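J.: Kindly return the folded structure for what I paste below:
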Amino acid sequence: MTILETDVVVIGAGPAGLMAAEVIAGSGRSVAVFERMPSPARKLLLAGRGGLNLTHSEPLDSFVGRYGESAGFFADCLAGFTPDDLRAWAAGLGIETFVGSSGRVFPTGMKASTLVRAWLRRLAGLGVTLHARHRWLGWGEDGALRVSGPDGAPVAVTARAVVLALGGASWPRTGSDGAWTGILQACGIDVAPLRPSNMGVEVPWSEHLRTRFAGEPVKSVALSFGERRVKGEFVVTETGIEGGAVYALSAPIRDAIERDGWAALTIDLMPERREEDLRKRLRGRGAESLSTFLKKALNLTGVRAALLREFAPVADLSDPAALAGHIKALSVPLTAVRPVERAISSAGGVRFDAVDDRLMLTGLPGVFVAGEMLDWEAPTGGYLLQGCFATGVKAGKGVVDWLGAA
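T.: Residues are numbered from 1 along each chain as shown. Purely as a prediction, here's the structure:
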C-alpha cells in the first residue's frame, strides 16, 4: 500500500481545486492534489477550445447580480478575488488578457492549454504534487481518507485538512460526474440535487423543420421568458434549441418545466422593427405564396420564416395584424430541458448553510468545499469560471486560517 503524508489534500484538479492548492501552498503548507482523470483541468481545457472566457469586465455590483439567489455569498467571495484580481493572476503567469466587444475577458492567445501549462509549472514550483488517476472514495471507519491509485490499489493518506473540488455533474467525460453527492449525503451533509444549468431546451418540432433546419443558426432575435428579455442568437437542433440567448433564460425555464411540465418561450423574430411597421408592410399579399410575400415585404426567409410557419396558427398567416403579432412575439412550446450531462454547468450541490464562512463543512471539521460542488449557478460569459476561481481562493484562505488556529 502506498502511504502519503501531507498537510493538505485537494480532491479535484479543476480551476477551483488548483486555485485552492496554490493559495495553500503559497502559505508554506505541503499540498497533494488527487485527480481521477489522466490529466488535470480537463473541463477547463475543453471549455477553452473556442477561446477561454476567463471572466467579464462589467462593474462589480452588476457582476455580483449575475449569481441570482447566491449574490449575497458572491458579494463577499468576489471581494476576496475580483475579476481584476483574476486578470492580474493570469498576467503573473505570463498570460495577458483583453476585453472583447461583449465585455468578456479572454487570454490574448485565446488558448486554455497555454494557461494551464504555466499554472502547473507555478504549482510545481510551490511544491504541490499532482496525483493523476487517483479516485477519492470517501472516508474509512477510522476517519481516514480512502483513495485508490491507478491500479485500483488503496493509497493511505494522512492530511490535516481536505479541500473537495470535484465539480458538478455536467460534462462527465471530463471527470465531473457528481458521484460525490452520495458520499457527502451519507455523512449527513445537506446536498441539493444536481440539475442542468446553461443547457438547451427541447421543442416538439415537426419532422419537416427538424430535418430541414437542424443545425441552422437563428441570428438577430430576442427571446423572452417571464420578465426577462435577451437579444442574441440560438441554433436549431434535432431536439430543440441551444445557444447563448437560450442559456441566459435556462434557469427560470427549467424551474417552470419542473413545476408545470412545460413552458412557453417568446421569440421576437425582428426585434429592430416595430409591430406597427410590420402590419403596414404585410398588407396586400394578394395571390403570392406566404414565403414569397414574407421575403419581399420583410426579407424574412429561411429558418426564421420556418419558425413562424411552425408555430403561428394557420388562420393567422393571412391576417396582417395577427401575423405581425406573431413575428414580434412568437410563442414556442418547450417540453423539457436537456439532461445535466449535456449542460454547460450544473445547479445544486452542497448548500451554503452546510458550510461556514471559510467554506468548511460544519459537519466535517477540516473538510472544505469549492467550485461547482457548492449550490450556485451563473450564466455563461465568464461568471462561471470567475466563481470557481474565487471560491477556490476563499477555500484556500479558509484552510490556511483553520490550520493556523487548529
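
J.: what about the protein, any weak spots by pLDDT?
T.: 1, 406 (pLDDT under 70).

J.: hmm, try it at 90
T.: Residue ranges of the chain with pLDDT under 90: 1-4, 47-51, 101, 109-111, 140-144, 155-156, 284-288, 405-406.

J.: which strand residues sit across from Thr55 in the sheet?
T.: For Thr55, the beta-bridge partners are Val105 (DSSP bridges).

J.: wait, what's in contact with Phe81?
T.: 389-390, 393-394 (Cβ atoms under 8 Å, 6 or more residues apart in numbering). No exception for glycine: its C-beta is placed from N, CA and C like everyone else's.

J.: Is it possible to get those out as a markdown table so that each row also shows secondary structure, neighbour count and distance to Gly366?
T.: Listed next are the contacts of Phe81 as a markdown table, based on DSSP: H, G, I helix; E, B strand; the rest coil; neighbours: other Cβ atoms under 10 Å; distance: Cβ to Cβ, whole Å:
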| residue | secondary structure | neighbour count | distance to Gly366 |
| --- | --- | --- | --- |
| Phe389 | helix | 27 | 23 |
| Ala390 | helix | 27 | 22 |
| Val393 | helix | 23 | 19 |
| Lys394 | helix | 26 | 16 |
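
J.: Please produce TSV containing those residues, extended by distance to Thr114.
T.: What follows is the contacts of Phe81, written out as TSV (distance: Cβ to Cβ, whole Å):
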residue	distance to Thr114
Phe389	17
Ala390	22
Val393	22
Lys394	26
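
J.: how about the residue nearest to Ser148 when sequence neighbours are not counted, what does it touch?
T.: Spatial nearest neighbour of Ser148, chain neighbours left out: Arg135 (4.9 Å); criterion: Cβ to Cβ, 6 or more residues apart in numbering. With contact set as Cβ under 8 Å, 6+ apart, Arg135 has these partners: 34, 36, 147-148.

J.: Repeat that for Leu184.
T.: 191, 350, 361.

J.: Among those residues, which one is most surrounded by other residues?
T.: Among the contacts of Leu184, Val350 has the most neighbours (other Cβ atoms under 10 Å), with 23 neighbours.

J.: Specify the beta-bridge partners of Gly138.
T.: With DSSP bridges as the rule, Gly138 is bridged to Arg146.

J.: ugh, wrong one, I meant Leu223
T.: In this entry, Leu223 is beta-bridged to Val230, Ile267, by DSSP bridges.

J.: Would you quantify the distance from it to Gly244?
T.: 10 Å (Cβ to Cβ, to the nearest Å).

J.: distance between the ends of stretch 65-79?
T.: With Cα to Cα, to the nearest Å as the measure, stretch 65-79 spans 13 Å from end to end.

J.: What residues of it count as buried?
T.: 66-67, 70-71, 73-74, 77-78 (16 or more other Cβ atoms under 10 Å).

J.: What about the nearest residue to Thr362 once chain neighbours are set aside, how many residues nearby?
T.: With Cβ to Cβ, 6+ apart as the criterion, Thr362 has its nearest non-adjacent residue at 5.7 Å, and that residue is Asp356. Close neighbours of Asp356, defined as other Cβ under 10 Å, add up to 14.

J.: Might you report the residue contacts of the nearest residue in space to Gly167 that is not next to it in sequence?
T.: The shortest distance from Gly167 to any non-neighbouring residue, by Cβ to Cβ, 6+ apart, is to Ser176 (3.0 Å). Going by Cβ under 8 Å, 6+ apart, Ser176 touches 14, 43, 166-170, 346, 372.

J.: Among those, name the ones in strands.
T.: Ser346 (DSSP state E).

J.: Including neighbour count, could the contacts of Ser176 go into JSON lines?
T.: Below are the contacts of Ser176 laid out as JSON lines (neighbours: other Cβ atoms under 10 Å):
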{"residue": "Gly14", "neighbour count": "26"}
{"residue": "Lys43", "neighbour count": "23"}
{"residue": "Leu166", "neighbour count": "30"}
{"residue": "Gly167", "neighbour count": "28"}
{"residue": "Gly168", "neighbour count": "30"}
{"residue": "Ala169", "neighbour count": "27"}
{"residue": "Ser170", "neighbour count": "25"}
{"residue": "Ser346", "neighbour count": "25"}
{"residue": "Glu372", "neighbour count": "31"}
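
J.: Mind checking which of the contacts of Ser176 are in helices?
T.: Lys43 (DSSP state H).

J.: Please enumerate the helices of this protein.
T.: 15-26, 42-47, 60-65, 71-80, 83-92, 112-125, 180-186, 207-213, 244-260, 275-281, 290-298, 302-311, 320-328, 383-405.

J.: Tell me which of these sits most buried.
T.: helix 15-26 (a mean of 27; mean count of other Cβ atoms under 10 Å).

J.: could you dump the buried residues of stretch 65-79 to a markdown table with distance to Ala156?
T.: Shown next, in a markdown table, are the buried residues of stretch 65-79 (distance: Cβ to Cβ, whole Å):
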| residue | distance to Ala156 |
| --- | --- |
| Arg66 | 43 |
| Tyr67 | 39 |
| Ser70 | 37 |
| Ala71 | 42 |
| Phe73 | 36 |
| Phe74 | 37 |
| Cys77 | 34 |
| Leu78 | 38 |
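
J.: tell me which of the contacts of Arg135 is nearest to Thr301?
T.: Arg36 (49.6 Å; Cβ to Cβ).

J.: Tell me how far the closest one lies from Arg117.
T.: Distance from Arg36 to Arg117, by Cβ to Cβ: 21 Å.

J.: tell me the domain ranges of the protein?
T.: The record's domain parsing of the chain by automatic domain parsing lists 2-197+344-405, 201-337.

J.: distance of the residue lying closest to Arg212 once chain neighbours are set aside from Val64?
T.: Of all residues not flanking Arg212 in the chain, Ala306 sits nearest, at 7.0 Å (Cβ to Cβ, 6+ apart). From Ala306 across to Val64, the span is 40 Å (Cβ to Cβ).
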